[in-house]
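**Q** My questions concern the predicted model and sequence given below.
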Amino acid sequence: MIVKDIMKNNIVTLRPEDTISVALKTMKKNKIRHIPILNDHHFLVGLITERDVKDASPSIFQLELKENFLNKPIQDVMSKNLITGHPLDFVEEVAAILIDNQIGCLPILQDQKLVGLITKSDLLHTFVKLTGADQPSSRLEIRVPNKPGILAEVSSILFHRRVNIASALVYSENDDQYKVLVLRVQTINVTLIIEDLNTAGYQVLWPEIPENTK
């Protein structure tokens, strides 16, 4: 999946000379936490976030300073050295960028123009959908040998039970000889599937049932 499939297209923006007070009111009105800042030529020159405002804001006990602060232009507190993405970037790569740089959103540029915005919330919602966790289903965790074709072998067991796979993930254990295959299957009762997997010599880690933990 690529960024353009999930990015927000209707983006609320402000100008550098708009006040911090306007930025806060805009965030509250639109229920957002990030606002890209565009200049008169519609080029991205900054980004203001709730964190930027909180970090630069005077103490709540300094009322006079607080009032002066809110009337300052956004350009005084906005982030200027921005990391940006492209609509054709892969979603998982963008997720890694957000995590590695500890940022909450990524402006998306094409031909130097702002065309979208993607946030951590967007990515979390996408990953939930990709794993099928938002649909009625069951989760299976199976310890399998680390060898080519293992997914096809396990899938054939589900095929014989006429059970569809909603999603499949693989992660490594400390032992390189094995991996854990995480399947989201479109059925509620997985007892017979687990019995078939055990018979085929696979270790089902989840769900744990009495027959599987003896």
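**A** It's in. Residues are numbered from 1 along each chain as shown.

**Q** The closest residue to Asn71 other than its chain neighbours and Asn68: what is the separation?
**A** The shortest distance from Asn71 to any non-neighbouring residue, by Cβ to Cβ, 6 or more residues apart in numbering, is to Thr19 (5.5 Å). (C-beta placed from N, C-alpha, C; glycine too.) Shown here: Thr19 relative to Asn68, a distance of 11 Å by Cβ to Cβ, to the nearest Å.

**Q** Who has more neighbours out of the two?
**A** Thr19 (16 against 11; other Cβ atoms under 10 Å).

**Q** show me the residues around the more buried one that make contact.
**A** Shown in contact with Thr19 (Cβ atoms under 8 Å, 6 or more residues apart in numbering): Leu70, Asn71, Lys72, Pro73, Ile74.

**Q** do Gly104 as well
**A** Gly104 neighbours (Cβ under 8 Å, 6+ apart): Arg33, His34, Thr49, Arg51, Leu98, Thr119, Lys120.

**Q** before we move on, the earlier item: what is the residue nearest to Asn71 paired to in the beta sheet?
**A** Thr19 has the following beta-bridge partners by DSSP bridges: Pro73.

**Q** What separation do you get for it and Ile11?
**A** Distance check for Thr19 against Ile11: by Cβ to Cβ, it reads 20 Å.

**Q** Asp196 now?
**A** Counting by Cβ to Cβ, the separation of Asp196 from Ile11 is 50 Å.
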